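Student: I would like the atomic coordinates for the input below:
(chains A, B, C, D and E, ligands or ions: 31)
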Amino acid sequence: MTSSTLPPESRRSSAPQPRASWVQERTDLDRTTLRPRRDRLGHEPPPASPPGTLVIEDTRRPKIFVIDYDAEVVSEKEIQSVDGCIPYLTDDRPSITWVDVRGLGHKSTFERLGEIFHVHPLALEDMVNVPQRPKADVYGGEHVLIIARMAQVNERCVLRTEQLAILVGKSFVLTVQEEADWDVMEAVRERIRTGRGSIRERGADYLAYALLDAVVDGFFPVLERLGEHIEDLEIEVIDAKRRMSKPIHDLKRDLLTLRRAIWPQRDLVNALLREDNPLISKDTRLYLRDTYDHAVQLMDMVETYRELSSGLMDLHLSGMSNRMNEIMKVLTIISTIFLPVTAIAGIYGMNFHHESSPYNMPELDWYYGYPFVWCLMLASVVGLLTYYRRKGWIRKDDGGA
Amino acid sequence: MTSSTLPPESRRSSAPQPRASWVQERTDLDRTTLRPRRDRLGHEPPPASPPGTLVIEDTRRPKIFVIDYDAEVVSEKEIQSVDGCIPYLTDDRPSITWVDVRGLGHKSTFERLGEIFHVHPLALEDMVNVPQRPKADVYGGEHVLIIARMAQVNERCVLRTEQLAILVGKSFVLTVQEEADWDVMEAVRERIRTGRGSIRERGADYLAYALLDAVVDGFFPVLERLGEHIEDLEIEVIDAKRRMSKPIHDLKRDLLTLRRAIWPQRDLVNALLREDNPLISKDTRLYLRDTYDHAVQLMDMVETYRELSSGLMDLHLSGMSNRMNEIMKVLTIISTIFLPVTAIAGIYGMNFHHESSPYNMPELDWYYGYPFVWCLMLASVVGLLTYYRRKGWIRKDDGGA
Amino acid sequence: MTSSTLPPESRRSSAPQPRASWVQERTDLDRTTLRPRRDRLGHEPPPASPPGTLVIEDTRRPKIFVIDYDAEVVSEKEIQSVDGCIPYLTDDRPSITWVDVRGLGHKSTFERLGEIFHVHPLALEDMVNVPQRPKADVYGGEHVLIIARMAQVNERCVLRTEQLAILVGKSFVLTVQEEADWDVMEAVRERIRTGRGSIRERGADYLAYALLDAVVDGFFPVLERLGEHIEDLEIEVIDAKRRMSKPIHDLKRDLLTLRRAIWPQRDLVNALLREDNPLISKDTRLYLRDTYDHAVQLMDMVETYRELSSGLMDLHLSGMSNRMNEIMKVLTIISTIFLPVTAIAGIYGMNFHHESSPYNMPELDWYYGYPFVWCLMLASVVGLLTYYRRKGWIRKDDGGA
Amino acid sequence: MTSSTLPPESRRSSAPQPRASWVQERTDLDRTTLRPRRDRLGHEPPPASPPGTLVIEDTRRPKIFVIDYDAEVVSEKEIQSVDGCIPYLTDDRPSITWVDVRGLGHKSTFERLGEIFHVHPLALEDMVNVPQRPKADVYGGEHVLIIARMAQVNERCVLRTEQLAILVGKSFVLTVQEEADWDVMEAVRERIRTGRGSIRERGADYLAYALLDAVVDGFFPVLERLGEHIEDLEIEVIDAKRRMSKPIHDLKRDLLTLRRAIWPQRDLVNALLREDNPLISKDTRLYLRDTYDHAVQLMDMVETYRELSSGLMDLHLSGMSNRMNEIMKVLTIISTIFLPVTAIAGIYGMNFHHESSPYNMPELDWYYGYPFVWCLMLASVVGLLTYYRRKGWIRKDDGGA
Amino acid sequence: MTSSTLPPESRRSSAPQPRASWVQERTDLDRTTLRPRRDRLGHEPPPASPPGTLVIEDTRRPKIFVIDYDAEVVSEKEIQSVDGCIPYLTDDRPSITWVDVRGLGHKSTFERLGEIFHVHPLALEDMVNVPQRPKADVYGGEHVLIIARMAQVNERCVLRTEQLAILVGKSFVLTVQEEADWDVMEAVRERIRTGRGSIRERGADYLAYALLDAVVDGFFPVLERLGEHIEDLEIEVIDAKRRMSKPIHDLKRDLLTLRRAIWPQRDLVNALLREDNPLISKDTRLYLRDTYDHAVQLMDMVETYRELSSGLMDLHLSGMSNRMNEIMKVLTIISTIFLPVTAIAGIYGMNFHHESSPYNMPELDWYYGYPFVWCLMLASVVGLLTYYRRKGWIRKDDGGA
Ligand SMILES: [Mg+2]
Ligand SMILES: [Mg+2]
Ligand SMILES: [Mg+2]
Ligand SMILES: [Mg+2]
Ligand SMILES: [Mg+2]
Ligand SMILES: [Mg+2]
Ligand SMILES: [Mg+2]
Ligand SMILES: [Mg+2]
Ligand SMILES: [Mg+2]
Ligand SMILES: [Mg+2]
Ligand SMILES: [Mg+2]
Ligand SMILES: [Mg+2]
Ligand SMILES: [Mg+2]
Ligand SMILES: [Mg+2]
Ligand SMILES: [Mg+2]
Ligand SMILES: [Mg+2]
Ligand SMILES: [Mg+2]
Ligand SMILES: [Mg+2]
Ligand SMILES: [Mg+2]
Ligand SMILES: [Mg+2]
Ligand SMILES: [Mg+2]
Ligand SMILES: [Mg+2]
Ligand SMILES: [Mg+2]
Ligand SMILES: [Mg+2]
Ligand SMILES: [Mg+2]
Ligand SMILES: [Mg+2]
Ligand SMILES: [Mg+2]
Ligand SMILES: [Mg+2]
Ligand SMILES: [Mg+2]
Ligand SMILES: [Mg+2]
Ligand SMILES: [Mg+2]
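Tutor: Numbers count the residues shown, from 1 in each chain, chains lettered A, B, ... in the order given. Ligands and ions are numbered 1, 2, ... in the order given. Presented below is the predicted three-dimensional model:
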C-alpha cells in the first residue's frame, strides 16, 4: 500500500534498476539500519575552503528537463546541455520557465548553470553541496533560494531523504535534486500539463509554493507509514515474539531524521510568510499559510511518535522485567517442590548403623515409616505452595505484573 | 456517571445503533487501544494536489440543520438540500443564521456550500479534510475560520475526538462537524431556544464564542474521567492485580491526543483575543478571555496528568523490582534450609566400608550419631536464618522495598 | 511545630470539629493520598452553560465579616446578611471597607453580593466556581479581580489548598474564601486592629497587597515542612525500612499541586507590577515587587524539591538493585558451599557392587577413603570461595554497590 | 590544595575555632549531607508580617569594619558601634567609604544602620532576613541593593554558602554578610590597601563591581573542586569499591544549590548591564560585562556537571546490572557442574533389590559400571559448559556487559 | 583517514614529537578519558584579582608569524620579537596585516602586544586566560574581539580543543592560539599565498570571517568521526563483546564538550550578523550568514548524536536485561531437569527396612521397579519442559527479548 509514496513517474518508469538497487542496498543494511558511510559524509568541502567551492566528484551528467508555460501553452523537453534552456529564458513571451536538474554530477554543468542564472556563489554552493539544513535565503531582490528536503519510505519502512534546492526568480524556477530516480513533484508537473487548478495563470512564486507544498505534503504518507509501524511494534512488544530494542532504536533514529528535516522547513515557510519580499506576492502567501499548517501538523505527528516510541521502550523493559519475574517464580516453585523432598529422602538414605544404637534411625524399622515419610514430603510441599498462593504468586492469569 | 459527557441530544436519541456500534467497535480494540487504521489515515489529499482539493469518499448526504434567531423570534429546521438555507441568509431581517452541517459526505453538497457562503477554497479544504490542527484563520475582513476539536470519553474510558469547523461571517455562523451522532453544542441550542443568558441579543461573533466555549468546557468531564482513571490505576499498581504497563501506556497515548487537541485551541483563542479583527467585537473578547482561562486550566490538568502517569510507570517498575526481591528472598531461604540438610545427609549416606578401615565413617556407629546429625542440620539452618534476620531480610512487614 | 501554619483564629476556635474532621478524613485516605472524589470535581458548571452561571449546591449561609478602618478608627463586625455591609460602603467617611465572605453556600447571598458591588458576571463566576487558576483580571477601571490559592499542611504532611478571591475597588476589598475554618489572613487583621505598620494610612490597593503577600508567604512554612519530609524520606530510603515508592510518588503529586498553585501566582503578581492600572498605586507596586521576589523564591524551592524527589526515586531503585545483588550473592555462596559437597557425597553413596568388579568404587575400601573425601569436599568449597574473594564479591563492608 | 578557596584573612586568622567547628559540624552530617535544620529554616518572618520586619534572634553584636579611601589616602578601622561610621560619611573629603558588617545579630544595630544610610525598610529586610534569592533592586536614584551569594568548599568537598548584601550609594558601599569568619573579599581589601589596579581612582560603583566580581570568581575554585570530585566518583563507580548512589545524590544536591546561587546572579549582573542607572557609570558597565561572561561560564560548568552526574548514576546502575549478570552466570555454572553429577549419583545410589528382578539396576554389576558413570557425569558437565562457551557466556575478559 | 583533520602544516611538520606526545599522553588516559588535571584548571586568575590580570606561567616565547598582503603582494615571515610587526602596521601601504601568535608563554610578550595594538586590558585578559566561552565583544569603534574554539579529533577518537582569539582592527587581524603545534587555518594561509578566491581583494573583516569559517567548518570532520564512532558503538552494543557503558559515557562527555564549544559560536556569529558594526561590512555579513548556517547544522548534529547516545545506553541496558533473562532461563531449565531426578532417586535411595513392614518401600522388589522409576523421572522432566515450551520460553531464535 505504501507504493503510493513513490511518485507516479517512478512507478511508470521503464528502468527499475536504480530503485531495485536502492531496496537491495538497504536490505543489506537492515540489520543495523546504518547508512553507507560514503553517503553520510556529504559533499562538504574541506574546512577553510574559499566560499563557493563546489564538491562534485561524479562525472555523469545530470538530466535536465525544462517546462515552459503560460495560461495558453505548455512545452516540455529534456535538454542535453544546460545551454539548451537559454532560449526559454530569453524569449519575449512572459512565460514561466521551470528548469529541473536531476542528479549531482559533472561540475562544469553546474558552473555554467550559475553563470546563466547569475546565481550567487554561496547560493550555488548550497544547491550542490548536499546536505544543507532546510532554509530560505534571499539574495538581493533578485533570487530566493529555498533548500528543502524530500522524504520517502518503502514498504519495509526504510527511510530515504533527498535535498531539493528551489531557486526562484522573476519568471523562472530552477530546481536541483540529488538523485534522478525519484522526486515528489510529478503531480505538480501533471497539474501544469493539464491546467488543473490555477497554476498556469500564476507566477513563478506560485510554482515555488506548489513545489514546496508538494515536498511538505510528501511527508504525510511517510509519517502514516511510520505510524503503522509503531502500531505493529506495539503489538509485537506486547507479544514479545522477538528482540525488540533494536527496531525501537531504529525507529527513534528515523524520527530524529524526520524532525531534522521537518522542523527547519516549518521555519523556512514561516520566514517566507512573515518577511516582506518582492518576489513572493501577497496572494501566494495565503497559500504558504496552508503549507505552514501542514508543516506544523507534521511536527506534531513527529513529536507524538517520538513520545510513543519512548513509551514503547518502557513497555519493552517492563515486559522483560515481567518475564524475569515469571521465570524466577517457576524456578522458586520447582525448587520448593523438589528440595524438601530431596532433603528428607537424603536423611532416610543415611547409613547409620542401626545395630550400634537404638537411637540410630529407628524410623527405618517403623511399620508405617515409609508412608509417614511420603506424608512428610507432601506436607512440606503443600505447605509452601499454600503460602505462595496466599502471597498471590500463583494465580490464574499470571498476575503481579 | 460519565454518561453526562454525552450531549443531551444523543441521550434522547431514538437511534442507539451508531453509539452502540462505536462502543462495540472500541471494545474489540480494547486489547491494544489502536484506532481502526482507516480512521487514522484522515482525509488528506495525495501530496502535490492543487490547493482546495476536497477529499470526500462517503456518498451519504450530511444532515443540515438551520437555526435562525433574533431577540424576538427563533426558527429551527432540518433542511434536505443545502440550498434550503439561502432564504435565511438573504431575508431582510437582521437575524443570526446558524447552519449546522453534521457528517462529511456527498461532495457536491460541500461544493455548493462553498459557493453559497463564498468560502475561500483553502478554508473549505480545512473544513472538510479532517483532521486539521485547531487554529483560527482570517480570510480578508469577511470570514473567520475556527477549526476546533471536540472530545468525548465513554464509561470504559475510551477517548473519541471529532473536528468542528466554525466559519463566522457578519450575520451567520456555519459549522461543519465530522459525525452526525454526537456533538457538545446541544446546550447552546437550548440557550437559543429558551433565550437563557444574553445570546439572543448578541451577534454572530457571540454565537461563535458560545460554541467555542462549549467545545473547550467539553474537555472538563473528559479530564475528570481520566483523573478518576489515573486514581484507579494508582490503586491497581499498588495492589498489582494485573499487567499494568499496557494500560499506563494507553493512558499516555490518550493524554498525548488531548494535548494535541487542547494546546492549539488555547493558542487560537489567544489569537482571537489579541489580534484586532472587525468580526470579533470588543465585548465578545471579554468572554473569550474566560474561554482562554479554561483552555489554560485544561492544559495544566493534561500536563499534571502526564507527569502523574510517568510517575505511575515508575511506581509499577519499582513494584516489579520489589516483588522480584521478595521472590529471590524466598528462594534463598528455601535453599538455605534444605541444601545444608541434603549435603549433611548425603555425607552420612556414603557407603565407605567400615570394615576396611577404622577411619571410614566411624560416626555411623556412634551411640548418639543420628541425633548428633539432626543437631548439626538444625544448627546450620538456624545459624543461617539468624544471619539473614540480622541483615534485615526477614521482617514482619516484608521491609526493604 | 507546623501548627503555626494554622492561623491564630482557628487555633483559638472553640469549634474543633471541622479541623478534626479534616484530619480525620485525610487520615482515612492516607493509604493512597487520594482526595475525596466529590472534592476534586470542583464547581464547574456543565459544558455550554451561559457565562456567569454560579454553581453552589450547599445551602448553608457563608459567614460574613466586615472590617472598616481609616488611620484613626477601626470597626469590626460579623454581619448576618450581606446587606449589612451597605452602610459601610455608602457612608461619607473615606474609610477602607474589607468584606470577608467565608464559605461557598447559599446562592442568593452571592447573587446579592454581585448586585451590591456591581461585580461583572464573569468575575462573580470565577470567585464562586472553584477551583480557578490563579490570575489577575481587570474589569474596566473599576475592579481588579485577583484569584489566589492558599496552602496549608498539617503535621502528618497532608496538603490542603483553598481558593481566595480578592476583588479590589476604589475604597473596598471583597474577599471570598472556600471554607470558613481556616485562612492565612489573621495576621493582617491583627495589623489593622493594632495599627502595626502603615496599613491603616494606606488605600484598598495596599490592603489587597497585604493579603496577597500573606497568601504567598503562607507557602513558606508549607515548603519548609515538605523540605523536612524530603530529608526524612532520604534517610528512610537509605535505611530501607519500608516500601518507599508510594510515599515518593505522593510527594511528587503534592509538589505538582504546589507548582500549579505558585507558578500562576508569580505571573499574576508580575502582571500587577508591569501593567499600568489606576487602582494600583506606584507606591504599592514597590511592595508588590517584594511579593514577586517571594513567589520566585517559592518556585525555586518547588523546582529544587521536584528534582530532589526524582533523585530519591533513583536512590530507591538503586537501593533495591543493590539488595538484590546481595541476596543473589548469598544464594550463590550457599549453593557453592553445599552443592559440591552433595555431589561428592552422592558419588560415594552409589551402590556399585564391589564384588562384581575391581573397578567398582575401590575408594570405599581405601584406608583413608573417608578422610580423603572430606578433604576433597573442603578443597572444592575453599577453592570456590577463594575465587569469589578474588572477584571482590566477599568483602568487609559489602562493597560493589 | 583547595585551601586557596579560603580568603587570606581566615588563613592568617589566629582564631581557628570557628572554622574547625564548621568542619566538625559538617563531618557529623557527612552521612546524610543534610544541613542542620535550624540553618535551613532561614530568617523569614512569619507569614503576613508587615513589610520591613527584621528577623534577628542572635544577641551578639556584628563586627563592623570601615575602609575609607581616595587616590591618595586609605584608612581602615574596626568600629565598636555603628555610629562610628558617621564621621567617614559626613566628612568633606570626596572619599569612598566601605562599611563592612560581618554577622547578623543585635537587632538595634541594624535598625540604626537603616537610619544612618536611609535604607528603605524593604531593602533592609532583604539585607538581614537571609537567604534571599540573588537580585539587584533600585531604590529611586539613591541606592542600588545587590543581593549576592558567596560559596566555599572545603577539602572534604562540603559546600557552604553565605549571603552578601551590597548597598551602593553615591559615595559609599555598605556590605552585610551572614557570618564573620569568612568572605571572598579580602583580595579586594588588599587591592585598596596597596593601590593595585585602578580601584583607588574610581567611584563606589567600581568598588561594588569589584566585590561582585570577587563573589562570582569565587565560584570557580568551588566548581573546579566539584569537577575533581566528579572525576573521582567516575573512577570509583567503575571500580565499584563502595556504595555509590548516595554520594552521587549528594553531588546532585550540591549542584542544585550552586545553580540556585549562580543563575540569578547572572541575571542580576545582566540587569545592571542593561538598565540605565545613574549610580552605575558607563565605564563600570564595561567591567560588569566581564563579570557577566564569568557568570555565564559558571552556569555552563554547572549544567555540564549536572549532565555528567546524571550519566554517573546511569553508569552506576549499569555496573550493578553487570555484576548481577556475572553473579548469575557463576551460579548457573556451579549448578550446571554439580546438579547433573548429583542426579546421576543419586540414581546409582538407589536401593532396588537386584535379586528381585534382572531389570533392577543391572548396571551395578557391570564390570566397567563405575568408570562408565564417571564418564557419564563428565560428559554431561563438559557438554553443558561447551554449550555456554558457544553462547559466549564464558570468556577471558568477562564479556557481555 | 582522520589525519585530514590535521592542518597541512602539521602534516608537513618535521617535528613529530609534540603530536606524538599528545597521542601518547592521551593513550595513558584512555581508560578513564580524564584530561590531565593541570590542563583542566585553566589560566583563571585567583578570585578578586584586578581586571586585566594575565595568567602566564610558561616562560617559553610564543612563535609569531606575520602575513602582510594586498591584491598584488604577499609577504610572510616569522618574527623573533613582537616589535618585529610594527613596520608592517605603520607602513603607508594599505595592506592587511595578520599577526598570528602561537602558544601562550612569556608574559612580557603579551604585555608588549597589548601596547602595540592598544588592546583593552579586559580584551587582552580574555585572549590569554584560556579557556573563555566563545563570544564576540566590541571595544568602541576600534576593535572587535572574537573568542573561538577549534576542535580536532585523532584516529582513536580522542577529542582536543584549543582557544583561538581573533582581534579585528581596521587594517589588521591579530590571532592568539593556545598551542603552537596545530590549528585549522593553514588552508586560509594557502588561499592568501595563492590568491585563490577573493580574499586578497578584501579587508580585515573578510579575513576574520575566513578564519571563523575555518574554525566552524573544522568541526565537521570531528563530528563525522564521532558519527562513525557512534555507529561502531551501536554494532558493538548489539554484539555485546565488551563492557559498553564506559565508552558510551565518554562519548556523552565529548558531546557535552562539543556543545559547549559550538553553541556559543553560533550565537557569536549571529551577534556579528545582526548588530550594526562599523568594522564588519555589509558584504562580509552575507558570508557570515553562511558560517551561521554551518554552525546551526553542527548544533543539529550534536543534538542528534546526543539523543542517539542516550538511545545507545537504553539499548545497552536492555541487552543486559535480555542476557539476564537468557541466563535465568537456562538455570531454570537445568534445575528443572535435574532436581526432580535427584528427588526421585533420593526417595528410592532411602534405607527403610523392608523386613520390618510390608509398607516399607515395596517398590524396591517390583519386577519392573527400576524401569518404572526411569519412566517417572523422564515423565516429570518432559512434562515440565513441555510446559515451558507452551509458555514460549524455549524457542528457536531465543525469543522473548
Ligand atoms: Mg556547507
Ligand atoms: Mg566553507
Ligand atoms: Mg530526485
Ligand atoms: Mg539524514
Ligand atoms: Mg489547509
Ligand atoms: Mg499542503
Ligand atoms: Mg491538510
Ligand atoms: Mg495540499
Ligand atoms: Mg458530531
Ligand atoms: Mg487523534
Ligand atoms: Mg472564568
Ligand atoms: Mg468556558
Ligand atoms: Mg470555570
Ligand atoms: Mg462556561
Ligand atoms: Mg478559609
Ligand atoms: Mg489541587
Ligand atoms: Mg524582600
Ligand atoms: Mg512576602
Ligand atoms: Mg523574604
Ligand atoms: Mg512578608
Ligand atoms: Mg562572612
Ligand atoms: Mg548542601
Ligand atoms: Mg542554599
Ligand atoms: Mg573576561
Ligand atoms: Mg570575574
Ligand atoms: Mg575569566
Ligand atoms: Mg576577575
Ligand atoms: Mg594551535
Ligand atoms: Mg573541554
Ligand atoms: Mg552555505
Ligand atoms: Mg562554513
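Student: nearest spatial neighbour of A:Arg102, skipping sequence neighbours?
Tutor: A:Ala180 (3.9 Å; Cβ to Cβ, 6 or more residues apart in numbering or on different chains). Placement of C-beta: from N, CA and C, glycine included.
Student: tell me the confidence at that neighbour?
Tutor: Note on A:Ala180: pLDDT of 93.
Student: for stretch A:176-193, which positions count as buried?
Tutor: By neighbour count on 16 or more other Cβ atoms under 10 Å in any protein chain shown, the buried set for stretch A:176-193 is A:176-189, A:191-192.
Student: mind checking which of those land in helices?
Tutor: Judged by DSSP state H, the subset of the buried residues of stretch A:176-193 located in helices is A:186-189, A:191-192.
Student: and chain A, what are its domains?
Tutor: Here the domain parsing of chain A from the TED database is A:49-318, A:324-350+A:360-391.
Student: does the shortest one come close to chain D?
Tutor: The one in question is domain A:324-350+A:360-391. Yes. Counting by Cβ under 8 Å from any Cβ of the partner chain, contacts between domain A:324-350+A:360-391 and chain D involve A:Gly349.
Student: and that domain, is it in reach of chain C?
Tutor: Yes. Applying Cβ under 8 Å from any Cβ, one finds domain A:324-350+A:360-391 touching chain C at A:Gly349.
Student: and the end-to-end length of that domain?
Tutor: In domain A:324-350+A:360-391, first residue to last residue: 18 Å (Cα to Cα, to the nearest Å).
Student: burial count for A:Arg285?
Tutor: A total of 17 residues lie near A:Arg285 under the criterion other Cβ atoms under 10 Å in any protein chain shown.
Student: give me the three-state assignment for it.
Tutor: At A:Arg285, secondary structure determined by DSSP: H, G, I helix; E, B strand; the rest coil is helix.
Student: A:Leu273 is in contact with that one, correct?
Tutor: Yes. Counting by Cβ atoms under 8 Å, A:Leu273 is a contact partner of A:Arg285 at 5.6 Å.
Student: ok, back up a step: the buried residues of stretch A:176-193 also near ligand 3: which ones?
Tutor: Among those, the residues lying close to ligand 3 (Cβ under 5 Å from the ion) are A:177, A:179, A:183.
Student: name the nearest residue to whichever residue of the stretch 1-150 of chain A sits closest to ligand 30, sequence neighbours excluded.
Tutor: Residue of the stretch 1-150 of chain A nearest ligand 30, by Cβ to the ion: A:Asp126 (4.2 Å). Residue nearest to A:Asp126 in three dimensions, not counting chain neighbours: A:Gln132, with 5.0 Å by Cβ to Cβ, 6+ apart.
Student: quick one: buried residues of the helix or strand containing A:Val222?
Tutor: A:Val222 is part of helix A:219-239, with elements assigned from DSSP states H and E. The neighbour-count check on helix A:219-239 (16+ other Cβ under 10 Å) flags A:219-231, A:233-234, A:236-238 as buried.
Student: one step back: the residue of the stretch 1-150 of chain A closest to ligand 30: what's it in contact with?
Tutor: By Cβ atoms under 8 Å, 6 or more residues apart in numbering or on different chains, the contact list for A:Asp126 reads A:132, A:137, A:145, A:147, A:165, E:290, E:293.
Student: how about a cut-off of 7 Å?
Tutor: A:132, A:145, A:147, A:165 (Cβ atoms under 7 Å, 6 or more residues apart in numbering or on different chains).
Student: what's the residue closest to the geometric middle of chain A?
Tutor: A:Asp254 (3.4 Å; Cα atoms, centre = their mean).
Student: from memory that residue sits against A:Val158, does it?
Tutor: No. Contact between A:Asp254 and A:Val158 fails when scored by Cβ atoms under 7 Å: they sit 8.8 Å apart.
Student: tell me the phi and psi of the residue lying closest to A:Ala261 once chain neighbours are set aside?
Tutor: Leaving aside its chain neighbours, A:Ala261 sits nearest to A:Arg149 (4.3 Å; criterion: Cβ to Cβ, 6+ apart). Dihedral pair for A:Arg149: phi -140, psi 120, per degrees, to the nearest 10.
Student: how many residues are close by A:Arg149?
Tutor: As a burial measure, A:Arg149 scores 24 neighbours (other Cβ under 10 Å).
Student: for ligand 21, see how far away it is.
Tutor: Distance of A:Arg149 to ligand 21, computed by Cβ to the ion, to the nearest Å: 58 Å.
Student: which residues touch that residue?
Tutor: Residues in contact with A:Arg149, defined by Cβ under 7 Å, 6+ apart, are A:134, A:161, A:163, A:261, A:265.
Student: and the pLDDT at it?
Tutor: pLDDT at A:Arg149 comes out at 94.
Student: partner residues bridging it?
Tutor: Under DSSP bridges, the beta-bridge partners of A:Arg149 are A:Gln163.
Student: check whether stretch A:338-358 comes near chain B.
Tutor: Yes. In terms of Cβ under 7 Å from any Cβ of the partner chain, part of stretch A:338-358 sits within range of chain B, namely A:339-340, A:342-343, A:346-347, A:349-353, A:356-357.
Student: among the residues you listed, which one lies nearest to ligand 30?
Tutor: The closest of the residues of stretch A:338-358 next to chain B to ligand 30 turns out to be A:Leu339 (Cβ to the ion; 72.6 Å).
Student: got the residues of the stretch 251-400 of chain A near ligand 6?
Tutor: Contact residues (Cβ under 5 Å from the ion) of the stretch 251-400 of chain A with ligand 6: A:His294.
Student: what are the boundaries of the helices in the stretch 1-150 of chain A?
Tutor: Ranges of helices in the stretch 1-150 of chain A, per DSSP state H, counting those that start in this stretch, are A:8-12, A:17-29, A:37-40, A:86-90, A:107-117, A:121-128.
Student: same question, the stretch 251-400 of chain A
Tutor: Counting by DSSP H, counting those that start in this stretch, the stretch 251-400 of chain A has helices at residues A:282-347, A:369-391.
Student: mind checking those for the one nearest to C:Gly383?
Tutor: helix A:282-347 (24.0 Å; Cβ to Cβ).
Student: pull the distance from that closest one to the chain's centre.
Tutor: Centre-to-centre, helix A:282-347 and its host chain are 20 Å apart (Cα atoms, centre = their mean, to the nearest Å).
Student: check chain A for the residue nearest ligand 11 and tell me.
Tutor: Closest point on chain A to ligand 11, by Cβ to the ion, is A:Asp300, at 28.2 Å.
Student: in terms of pLDDT, where does that residue sit?
Tutor: With respect to pLDDT, A:Asp300 scores 90.
Student: residue contacts, it?
Tutor: Shown in contact with A:Asp300 (Cβ under 7 Å, 6+ apart): B:133, B:260.
Student: so how far is ligand 6 from it?
Tutor: Per Cβ to the ion, A:Asp300 is found 14 Å from ligand 6.
Student: which among the residues of stretch A:338-358 next to chain B are in contact with ligand 9?
Tutor: Among the residues of stretch A:338-358 next to chain B, not one lies near ligand 9 by Cβ under 5 Å from the ion.
Student: distance to E:Trp393 and pLDDT added to these, as JSON lines?
Tutor: Below are the residues of stretch A:338-358 next to chain B laid out as JSON lines (distance: Cβ to Cβ, whole Å; pLDDT from 0 to 100):
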{"residue": "A:Leu339", "distance to E:Trp393": "21", "pLDDT": "88"}
{"residue": "A:Pro340", "distance to E:Trp393": "25", "pLDDT": "88"}
{"residue": "A:Thr342", "distance to E:Trp393": "24", "pLDDT": "87"}
{"residue": "A:Ala343", "distance to E:Trp393": "27", "pLDDT": "88"}
{"residue": "A:Gly346", "distance to E:Trp393": "30", "pLDDT": "87"}
{"residue": "A:Ile347", "distance to E:Trp393": "34", "pLDDT": "87"}
{"residue": "A:Gly349", "distance to E:Trp393": "33", "pLDDT": "85"}
{"residue": "A:Met350", "distance to E:Trp393": "37", "pLDDT": "85"}
{"residue": "A:Asn351", "distance to E:Trp393": "40", "pLDDT": "83"}
{"residue": "A:Phe352", "distance to E:Trp393": "43", "pLDDT": "82"}
{"residue": "A:His353", "distance to E:Trp393": "47", "pLDDT": "81"}
{"residue": "A:Ser356", "distance to E:Trp393": "50", "pLDDT": "82"}
{"residue": "A:Ser357", "distance to E:Trp393": "50", "pLDDT": "83"}
